[in-house]
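1. attaching a predicted model along with its sequence, questions to come.
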Protein chains: 2
Amino acid sequence: MSTTDIAKRVHDHNWKLDPIIRSLLDTDIYKFLMQQLIWKRYRDVDVTFSLINRASSIRLADDIDEGELRAQLDYARSLRLGKKEWIWLAGNTFYGKRQIFAPEYLEFLRDFQLPPYELSKADGQYQLEFHGPWTHTTMWEIPALAIINELRSRSVMKTMRRFELDVLYARAKAKLWSKVERLRAFPDIKIADFGSRRRHSHLWQDWCVNALKEGLGPAFIGTSNVLLAMKSDLEAIGTNAHELPMAMAALSNTEDELRRAPYRVLRDWQELYDGNLLVVLPDAFGTASFLRDAPDWVADWKGFRPDSADPVDGGEEIIAWWKSRGEDPRDKLIVFSDGLDVEEIERVYTHFRGRVHMSFGWGTNLTNDFQDCAPQPTDDFDAISLVCKVTQVNGRPAVKLSDNPEKATGDPAEIARYLRVFGEAGRVKRPVLV
Amino acid sequence: MSTTDIAKRVHDHNWKLDPIIRSLLDTDIYKFLMQQLIWKRYRDVDVTFSLINRASSIRLADDIDEGELRAQLDYARSLRLGKKEWIWLAGNTFYGKRQIFAPEYLEFLRDFQLPPYELSKADGQYQLEFHGPWTHTTMWEIPALAIINELRSRSVMKTMRRFELDVLYARAKAKLWSKVERLRAFPDIKIADFGSRRRHSHLWQDWCVNALKEGLGPAFIGTSNVLLAMKSDLEAIGTNAHELPMAMAALSNTEDELRRAPYRVLRDWQELYDGNLLVVLPDAFGTASFLRDAPDWVADWKGFRPDSADPVDGGEEIIAWWKSRGEDPRDKLIVFSDGLDVEEIERVYTHFRGRVHMSFGWGTNLTNDFQDCAPQPTDDFDAISLVCKVTQVNGRPAVKLSDNPEKATGDPAEIARYLRVFGEAGRVKRPVLV
């Protein structure tokens, strides 16, 4: 008999859309942690998020069909939390704690949907913006990036034949597994998947997460992706992001308020969370000024996530600061998460081993490394540096300085004003690869 | 709705056997070419084929369950040519010629089934023998080897989990594709798949053949496997094997008849076939003596297939002999087929380029290279040197000397007698890898 499933074949003909985002949990856990804070304290603040393609030579609007992009964004907007998803969020332990999400916030989530988007084209790029209450626009960051990255992968794969795709994925799997084997040389390492936003595709991220689970055992501590954490019974990993200090800074009415904005965020945060969730992201307006002006209680936090300095330099700076505040770095945690690949993980881990707890949030080079995998040579699979950043807060411009001027975002005049307040100390240009 | 095909799932529970050999065409074309000759001229000769595991440290009877082996052999015995298979054999062109198989031989094939086997165990090895008419026992060689090799692969994979198998095949695909990419550097090369007997599995050989077809284009000239040739519209490639001179030699009543046996085979052959099918396999009793004593008409044949000497030395010896007989090697063909892998193909091709036509029959290292592919290190996938050879002809012992004493088979006293007749010239020990 024929083994072709005729109903499936006919159904496949009828496919209108292969949705990229199929669940509101297909995002990073830090978005929920931040959303709860925003919902509790800043629910009246309007924040605009904007897509920024740092790789301006990649003309996304030429590669990705606008109709397909709209269909994917519209589909994501149609989603609500499923019943079992909601139950899992309410009942799961995060970082060993039950009920990290308050009942009132969970009620808010029950009917949550992604807000409208604004999409246009200019100069071969998409202008994609999300205007509205911060509580809502914040949730677009990860799905918007995941949609665009996956549509880009799909556009490259559209012309590939069945056999070429087979070789492509075989090589990508072989490549990732070789990385896993290298990391096995460090059984005490702690690796987390941070690759949702830049992933090649949802299914591929799923495969990568399973590869780490299979290959690294307890050295794989979890994934930032809430849906995959639920699916594979893993820890959902993450804390907070630049949008918090950026919004606080934009809301400041005086230079003094602006200077204190990064610490005000931390105060808010520690009223909601504790333990391993107390991880400082110090580089929004430069790590050097952050550390110089930090109140003493910041040294009580569990750790730091340096995100734009060279990781060895950045880590040393933080360790020295802890020591200057009388803290023992061996009780502390540094989360490395900026453009890592295996070589860099090995270098940083070997450098700091025994001096501080470390974990590695491995992103783009985990979930989107297809270099030299296509059977016909192409650079179309190279991941691009695409972000979705806060650009306006209650109508005021938002700024990120970063330790790396290449990662700065915002209006040049505003950047200049911020630089006057926070200073230029420690800012070093480094190429932004991913 | 559930996307599980319930009927399929239940059917899978009911599986008694996943047959390895599912068609009498799942063998090498040279078996049919030889069988036609045997059927025409030697249909009363009884020949015993015996399994010989040159890798005696691999205890096959420990790895492979006897019940499974019997079930596979029994299943193969139940097969007859399907109607469309028979039509294809009758109607296809081989080496550009129609009706290479005579109508009477095709009638004989119509009801052909594999004959009985004898199976026992000794010292951790299987004693597997096929007694009976040569016309029938000859057809067991490839299916018997393919069955044992695939059962061995399956025994290793039995304990592997879904994810490990995924990595295994991803790596094997990536590895083979890297070989394909290396061979692409030589667009004028001619590569054929000769990997049926030693293949990891039928499905894997199928993948490998498709990889060569996709990757090499016209440089991939075909496959020895008749079923895959039919399935993928490829040329079926092959000529003859050692069993012909071995049987002729064993039937010889005098030393003079023995000395002339290798040429008698060729006389028989050229009465049936011509063109590119006239390829001499010179090493059954040593290439040096074969060339020294060869009648002049042997130099008219299209080519040689050196099968046990170093390919560069063996090729040079043949080229020198052609020249000594007044032939231009640039009109001639050498088929290399002994334990090749990419490095060796590159070395030999580069050495002889422009001096002689060449083709490469790529076997074990094409269809069974799983070294370093398993996610947990193991040498259980290493291919072993397993052959199925003529051991008796009408009750008389059969012998192969080969250019490499490590590949000799037969009773030591008989080997000594053959060596007195054919001499030791040119015989050099080389490790037998596959």
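-> Everything's here; your move. Given the structure is predicted, the values throughout are model-derived calculations rather than measurements.
2. what parts of chain A come near chain B?
-> A:5, A:163-164, A:166-167, A:169-171, A:173-175, A:177, A:210-211, A:214-215, A:375 (C-beta under 8 Å from any C-beta of the partner chain). Just so you know, the C-beta spots here come from the backbone N, C-alpha and C atoms, and that holds for glycine as well.
3. for chain B, what is the nearest residue in the stretch 301-434 of chain A?
-> A:Pro375 (6.5 Å; C-beta to the nearest C-beta).
4. low-confidence stretches in chain A?
-> Applying pLDDT under 70 to chain A flags residues A:1-2.
5. can you list contacts of the longest helix anywhere in chain A?
-> Longest helix of chain A, by residue count under DSSP state H: helix A:162-183. Helix A:162-183 is contacted from outside by A:157, A:160, A:189, A:191, A:200, A:204, A:207-208, A:211-212, A:215-216, A:219, A:341-342, A:345-346, A:366, A:369-370, A:372-376, B:166-167, B:169-171, B:173-175, B:177, B:210-211, B:214, B:375, using C-beta atoms under 8 Å, 6 or more residues apart in numbering or on different chains.
6. ok, then the element right after it?
-> Per DSSP states H and E, helix A:162-183 leads on to strand A:191-193 as the next helix or strand towards the C-terminus.
7. partners of that next one, with directions?
-> Strand A:191-193 sits in its sheet next to strand A:220-223 (parallel), strand A:357-362 (parallel), going by DSSP bridges.
8. where do the strands sit along chain A?
-> A:47-53, A:118-122, A:125-130, A:191-193, A:220-223, A:279-280, A:303-304, A:333-336, A:357-362, A:386-393, A:396-397 (DSSP state E).
9. what does the first one rub up against?
-> Looking back up the chat, that one is strand A:47-53. For strand A:47-53, contacts defined as C-beta under 8 Å, 6+ apart pick out A:60, A:125-134, A:137-138, A:140-141, A:144-145, A:148, A:243, A:247, A:384-394, A:398, A:409.
10. which of the residues of chain A next to chain B are buried?
-> Neighbour-count burial (16 or more other C-beta atoms under 10 Å in any protein chain shown) applied to the residues of chain A next to chain B gives A:163-164, A:166-167, A:169-171, A:173-175, A:177, A:210-211, A:214-215, A:375.
11. pick out whichever of these sits closest to B:Arg260.
-> A:Phe163 (49.9 Å; C-beta to C-beta).
12. quick one: the residue positioned nearest the centre of chain A from B:Pro115, how far?
-> For chain A, A:Arg197 is the residue whose C-alpha lies nearest the centre (C-alpha atoms, centre = their mean; 5.6 Å). To B:Pro115, A:Arg197 is 64 Å away according to C-beta to C-beta, to the nearest Å.
13. with A:Val393 instead?
-> Distance, A:Val393 to B:Pro115, by C-beta to C-beta: 85 Å.
14. these two - which one has more neighbours?
-> When A:Val393 and B:Pro115 are compared for neighbours, A:Val393 comes out ahead with 22 against 16, by other C-beta atoms under 10 Å in any protein chain shown.
15. contact partners for the more buried one?
-> By C-beta under 8 Å, 6+ apart, the contact list for A:Val393 reads A:45-48, A:134, A:246-247, A:250-251.
16. and of those residues, the nearest to chain B?
-> Using C-beta to the nearest C-beta, those come closest to chain B at A:Trp134, 38.4 Å.
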